[in-house]
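**Student:** Model the following, please.
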Amino acid sequence: MGFFDKYFGISKSGSTLYNEVVAGIVTFFAMSYILFANPAILAETGMDKSALFTATALASIFGCLVMGIYAKLPFALAPGMGLNAFFAYTICIALGYTWQFALTAVLVEGVIFFLLSLFNLRILIVNLVPKNLQLAFCPGIGLFIAFIGLQQAGLIEIHEKTMITFGDITNPNVQLACIGIVIMGILYAKKIYGGMLFGVLLLTALGLPLGITKIDLLFSLPPSVSGIMLKFNFSEILSYDFICITILLLSVDIFDTMGTFLGVSNAADGMLDSNGSMKNTKRAFIADSLATIFGAAVGTSTTTTYVESSAGVSIGGRTGISSIATAFCFAVALFAFPLLSAVPQSAIAVMLIFAGCSMFMSLPLKSINFSDYSEIIPAFITIIMIPFSYSIAEGISLGILSYVFINALSGNFKKVGIGTYLLAAFFITRYFLFKL
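**Tutor:** As a prediction, the model looks like this:
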């Protein structure tokens, strides 16, 4: 414990080794769906689905280990949802490019991302975002996570015409989710550390008589990634489409990750320095970029920091031990993914709902300046557009654009820095060039 405590600063952060490990396991369960969702989406491009499972796990293991050991932060990484859909449905299916072309764009984006992080240029971009908007990231992401959880639980349903409706309460999955909310609420009220993990295990057991939990004790060797590993195509690297796609992937990755870092850090005690900035920012960005490069090499779309990290942070995860524990869980899942499927989706959904609740009710929401409408309105737009646009990056860009236009056109143009104006110009250009 002495070495771990000294290297990771467990005691200094106010945590314990037990809390860190439990937080890492909880984070894994919250994001474990990616092991099944990512292969299903990327397989639409013609890539081998079984190989994609292994690639997804390997990218997640590498990303979590680098974040944990190098950056010493409790952020977990995996191939990002949204970015994988863009990879499959836009680049490959809509535009007609091969998955090898798309993987090359991800690789190049990761290399550029690494250079920006190495020379602190990415941190400069973070500092261009007004403070009130940074404070809005946390509650916005909280709503986003809870929104995802409600969908996965079946408590709300999205329809093409009627938009959002209440789910079918007679569905056993929805019933289990409702039971889980009550159980998890009791554990939270009693301030039981590891309550999320205990709640998931209890809901998994309760799912047995409902016919939801299906246990398969079979283990298997992970499929090979030889068919998709290092399959790059550099022949069109200087084409206009390749450059536009790479820039778009880079911008979404930057602001998606930035929003996650700031949102989760602001929601937790002990993760900000004396200046109110996230600790080890440069190392965190470098870890994220290296994960993208490694992910592309093994054959998957952009690897990024997950908002589900807030599930572990909300129960006390504060150091890189949490990320290492998550990496270990992904390693076990490589050989035991039949067992992983035994955990009901309802149990995972309840975890996301409560993680979202913790983020929404955190200190940043109370710290937003509510006395100035030129600050309130952009912050509000950021908060609501993150879940409603289903994108952290989209919420950030719309928040910044509203901040610039409202302040500039109301006579407060000097209040907005030149860098923020340039950032807004970039977002406008992005919307006209290409839309994710």
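**Student:** Tell me if Ala342 really is in a strand.
**Tutor:** No - going by DSSP: H, G, I helix; E, B strand; the rest coil, the assignment for Ala342 is coil, not a strand.
**Student:** how about it, what does it touch?
**Tutor:** The contact partners of Ala342, by Cβ atoms under 8 Å, 6 or more residues apart in numbering, come to 204, 213-216. From N, CA and C alone the C-beta is placed, and that goes for glycine too.
**Student:** and those residues, which are buried?
**Tutor:** For those, a burial check counting by 16 or more other Cβ atoms under 10 Å picks out 204, 213.
**Student:** Identify those among the contacts of Ala342 that sit within helices.
**Tutor:** Thr204 (DSSP state H).
**Student:** mind putting the contacts of Ala342 in a markdown table, pLDDT included?
**Tutor:** A markdown table is the format used below for the contacts of Ala342 (pLDDT from 0 to 100):
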| residue | pLDDT |
| --- | --- |
| Thr204 | 85 |
| Thr213 | 79 |
| Lys214 | 74 |
| Ile215 | 70 |
| Asp216 | 64 |
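**Student:** And the furthest pair within the contacts of Ala342?
**Tutor:** For the contacts of Ala342, the maximum inter-member distance is 13.1 Å, found between Thr204 and Asp216 (Cβ to Cβ).
**Student:** what's the burial count for the nearest residue to Gly199 once chain neighbours are set aside?
**Tutor:** Residue nearest to Gly199 in three dimensions, not counting chain neighbours: Met184, with 4.5 Å by Cβ to Cβ, 6 or more residues apart in numbering. Neighbourhood size, Met184 [other Cβ atoms under 10 Å]: 23.
**Student:** Please report how far Pro344 lies from Ala78.
**Tutor:** For Pro344, the distance to Ala78 under the criterion Cβ to Cβ, to the nearest Å works out to 20 Å.
**Student:** Please disregard the earlier target; I meant Met229.
**Tutor:** Remark: distance between Met229 and Ala78 (Cβ to Cβ) = 18 Å.
**Student:** How about Leu116?
**Tutor:** Relative to Ala78, Leu116 is positioned 21 Å away (Cβ to Cβ).
**Student:** Repeat that for Pro130.
**Tutor:** Shown here: Pro130 relative to Ala78, a distance of 30 Å by Cβ to Cβ.
**Student:** next one: Leu115
**Tutor:** Computed with Cβ to Cβ, the distance linking Leu115 and Ala78 is 23 Å.
**Student:** and those two? which has more neighbours close in?
**Tutor:** With other Cβ under 10 Å as the criterion, Leu115 and Ala78 differ in neighbour count, and Ala78 comes out ahead with 31 against 12.
**Student:** my guess is that one contacts Met67, does it?
**Tutor:** No - at 11.1 Å, Ala78 does not count as touching Met67 under the criterion of Cβ atoms under 8 Å.
**Student:** Domains in this structure, by residue range?
**Tutor:** Taking automatic domain parsing as the reference, the chain has its domains at 12-360, 364-433.
**Student:** So which other helices or strands are in contact with the helix or strand containing the residue nearest to Gly199?
**Tutor:** Here Met184, judged by DSSP states H and E, is contained in helix 172-189. Packing partners of helix 172-189 (3 or more Cβ pairs under 8 Å, 6 or more residues apart in numbering; DSSP states H and E): helix 131-153, helix 195-206, helix 345-360.
**Student:** just the CA coordinates of the second one, formatted as PDB?
**Tutor:** These are the backbone C-alpha positions of helix 195-206, laid out as PDB (Å, rounded to 0.1, in the frame of the first residue of the first chain):
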ATOM      1  CA  GLY A 195     -23.400   1.000  -3.200                       C
ATOM      2  CA  MET A 196     -23.500   1.000  -7.100                       C
ATOM      3  CA  LEU A 197     -21.600  -2.200  -7.200                       C
ATOM      4  CA  PHE A 198     -23.700  -3.900  -4.500                       C
ATOM      5  CA  GLY A 199     -26.900  -2.600  -6.300                       C
ATOM      6  CA  VAL A 200     -25.800  -4.100  -9.600                       C
ATOM      7  CA  LEU A 201     -25.100  -7.500  -8.000                       C
ATOM      8  CA  LEU A 202     -28.400  -7.500  -6.200                       C
ATOM      9  CA  LEU A 203     -30.300  -6.500  -9.400                       C
ATOM     10  CA  THR A 204     -28.500  -9.300 -11.300                       C
ATOM     11  CA  ALA A 205     -29.800 -11.700  -8.600                       C
ATOM     12  CA  LEU A 206     -33.300 -10.300  -8.700                       C
END
